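Participant: generate a structure from the sequence data that follows.
(2 chains)
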Amino acid sequence: AQKVTQAQTEISVVEKEDVTLDCVYETRDTTYYLFWYKQPPSGELVFLIRRNSFDEQNEISGRYSWNFQKSTSSFNFTITASQVVDSAVYFCALSEAETGRRALTFGSGTRLQVQP
Amino acid sequence: KAGVTQTPRYLIKTRGQQVTLSCSPISGHRSVSWYQQTPGQGLQFLFEYFSETQRNKGNFPGRFSGRQFSNSRSEMNVSTLELGDSALYLCASSLEQVARDNEQFFGPGTRLTVL
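Facilitator: Okay, here's the model as predicted:
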């Protein structure tokens, strides 16, 4: 069975601080996909990144970066120079690929509060 | 391109009633998935429809059902509502079902309150 753990329930930082959101996953599949979504107060889940299990390259997109390490089953997300607009709940998610099923298994989310 | 739309956005029902929620996917998308989000259980997968067929189902009782129409629009129905069904119901659409690289685009959700 798949499982995603986001141990950090809530993080509070001051604007311009860097912050890392942790994600640890469990799966028996050798092929899988990992995702990060942002959920602002409006409720809509906003896609941030997808990474497949064969691509361990770290990725940077503006102030966002992701570190995928299969050896530790982790897919951590770092926001550099955080801004108040980054305040939201962030979800890490996993989907199995071998059966073609699209269902996402989500972590419990990390609420990030960026104080001005 | 218009995003995923869900109607209604807010709904209040009483225990024992039934409810139907609607989701219109992004134009051209053929796969629609539904998720339930509650403070206690978090985000949980309900079911996925592709080409009018349910392809995948989460671990929910039979009171939760859905369907997809030929235009890919989807509805989910919850019968005999319970207090615990109060949640944000999110719909996600994607281009294909089997092309695993396709991301899922989420709608704004329907917030259901059961009194």
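
Participant: backbone phi and psi for A:Val89, please?
Facilitator: Reported as degrees, to the nearest 10, the phi and psi values for A:Val89 are phi -100, psi 130.

Participant: what is the end-to-end distance of stretch A:97-105?
Facilitator: According to Cα to Cα, to the nearest Å, stretch A:97-105 extends 12 Å from its N-terminal end residue to its C-terminal end residue.

Participant: do the same with stretch A:60-69
Facilitator: Using Cα to Cα, one end of stretch A:60-69 lies 15 Å from the other.

Participant: likewise for stretch B:56-70?
Facilitator: Here stretch B:56-70 reaches across 18 Å from its first residue to its last, counting by Cα to Cα.

Participant: list the buried residues in that stretch.
Facilitator: Of the residues in stretch B:56-70, those with enough neighbours to count as buried (16 or more other Cβ atoms under 10 Å in any protein chain shown) are B:56, B:58, B:60, B:64-66, B:68. (C-beta placed from N, C-alpha, C; glycine too.)

Participant: list the buried residues for the lowest-mean-pLDDT helix or strand in chain A?
Facilitator: Least confident helix or strand of chain A, by mean pLDDT, DSSP states H and E, is strand A:59-61 with a mean of 86. When burial is assessed from 16+ other Cβ under 10 Å, strand A:59-61 yields no buried residues.

Participant: B:Tyr49 in helix, strand or coil?
Facilitator: Reduced to three states with DSSP: H, G, I helix; E, B strand; the rest coil, the structure at B:Tyr49 is strand.

Participant: how many residues are close by it?
Facilitator: A total of 26 residues lie near B:Tyr49 under the criterion other Cβ atoms under 10 Å in any protein chain shown.

Participant: for it, which non-adjacent residue is closest in space?
Facilitator: Of all residues not flanking B:Tyr49 in the chain, B:Gln68 sits nearest, at 3.7 Å (Cβ to Cβ, 6 or more residues apart in numbering or on different chains).

Participant: for the one you found, what are its contacts?
Facilitator: B:32, B:49-54, B:74 (Cβ atoms under 8 Å, 6 or more residues apart in numbering or on different chains).

Participant: swap in B:Leu43?
Facilitator: Applying Cβ under 8 Å, 6+ apart, one finds that B:Leu43 lies in contact with A:91, A:93, A:104, A:106, A:109, B:35-37, B:90.
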